[in-house]
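**Student:** Coordinates only, no sequence provided:
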Ligand code: ZN
Ligand code: FE
């Protein structure tokens, strides 16, 4: 089986679209549809035909290109069942534990409510590639527009359980801003300081800072580090449950 191909597409001001392609079957899925024009141009560049869109959640910068892409390519839309009321044009709705296939490849759906109530992620376990929409960012996480901190903590815990070499593909380039916040929460973290330098170098060259390995995220992302003794001491949350520490960090970020 030839390897899965992934193409990252900068869209709008700070979104990333992703095309995932199986050379064997010729099937290609677009993870969300931030910008139909940019996605069509990327398809042309690669000589790929769009067979699917897999939506993560209902925000416009994730579904805005759905209608145009269906019109131009006849692709099928898969969307999270929990977003059914907001994403009404899907051909298939997917839920926790479902497997969605792309040729001979298969991705597992996990539901990650918090940013929106029906948000879902698509995990290629074998190929170590996770498409996480607006749930997890490099050194950050999605804002709680619809869900509670407890829900988001449960959702992030599902991602934390993935292997360290899982490559996380988030839908936005927010890393430099997130890094400043992360440093304010855990200035003592040397891995974080190293990552911040690396991110600054990449952004200076206008290069993406994602995808990123989950293992590095676990060492540097304060939202995944609710169990860190240092963070707990910094926030005076020594005895609190992990979800409460996470909620505290999220509140601080909202007003950072
Ligand atoms: Zn969103
Ligand atoms: Fe978004």
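**Tutor:** Structure's in. What do you need? What you see is a predicted model; the values in this text were computed from it and never measured. Ligands and ions are numbered 1, 2, ... in the order given.
**Student:** And the pLDDT for the nearest residue to residue 86 once chain neighbours are set aside?
**Tutor:** Closest residue in space to residue 86, ignoring its immediate chain neighbours: residue 58 at 3.4 Å, by CB to CB, 6 or more residues apart in numbering. Bear in mind the C-beta positions are built from the backbone N, C-alpha and C, glycine included. In this prediction, residue 58 carries a pLDDT score of 98.
**Student:** chain center to the helix or strand containing residue 30: distance?
**Tutor:** Residue 30 is located in strand 28-31, with elements delineated by DSSP states H and E. Offset of strand 28-31 from its chain centre (CA atoms, centre = their mean, to the nearest Å): 14 Å.
**Student:** same check, this time on stretch 112-132
**Tutor:** Its chain's C-alpha centre and that of stretch 112-132 lie 7 Å apart, by CA atoms, centre = their mean.
**Student:** List the contacts of residue 256.
**Tutor:** 180-181, 184 (CB atoms under 8 Å, 6 or more residues apart in numbering).
**Student:** make it 6 Å
**Tutor:** Residue 256 sits next to residue 181 when contact means CB atoms under 6 Å, 6 or more residues apart in numbering.
**Student:** switch to numbering from 21
**Tutor:** Fine by me, first position is 21 from now on; the one you just mentioned is residue 276.
**Student:** for ligand 2, what are the nearby residues on the stretch 71-220 of the chain?
**Tutor:** Those residues of the stretch 71-220 of the chain that sit near ligand 2, judged by CB under 5 Å from the ion, are 81, 154.
**Student:** mind listing the helices for the stretch 71-220 of the chain?
**Tutor:** All helices of the stretch 71-220 of the chain, identified by DSSP state H, counting those that start in this stretch, fall at 80-83, 86-93, 169-180, 195-205, 210-224.
**Student:** Nearest to ligand 1 among the ones you listed would be which one?
**Tutor:** helix 80-83 (6.0 Å; CB to the ion).
**Student:** Say whether ligand 1 is contacted by the closest one.
**Tutor:** No. Helix 80-83 does not reach ligand 1 (CB under 5 Å from the ion); its nearest approach is 6.0 Å.
**Student:** and that helix, which residues are buried?
**Tutor:** Of the residues in helix 80-83, 81-83 count as buried by neighbour count, 16 or more other CB atoms under 10 Å.
**Student:** ok, now stretch 125-139?
**Tutor:** In terms of neighbour count (16+ other CB under 10 Å), stretch 125-139 has its buried residues at 125, 127-139.
**Student:** Ligand 1 contacts on this protein?
**Tutor:** Counting by CB under 5 Å from the ion, the residues of the chain near ligand 1 are 79, 154.
**Student:** where does the chain dip in pLDDT?
**Tutor:** Scanning the chain for pLDDT under 70 picks out the ranges 21.
**Student:** Right, and ligand 2 sits closest to which residue of the stretch 121-270 of the chain?
**Tutor:** For the stretch 121-270 of the chain, CB to the ion, closest residue to ligand 2: residue 154, 4.4 Å.
**Student:** Now do the contacts for that residue.
**Tutor:** Taking CB under 6 Å, 6+ apart, we find residue 154 in contact with 135, 162, 191.
**Student:** separation between residue 70 and residue 233?
**Tutor:** Using CB to CB, to the nearest Å, residue 70 is found at 28 Å from residue 233.
**Student:** Please flag which of the buried residues of stretch 125-139 sit within strands.
**Tutor:** Members of those lying in strands (criterion: DSSP state E): 125, 127-131.
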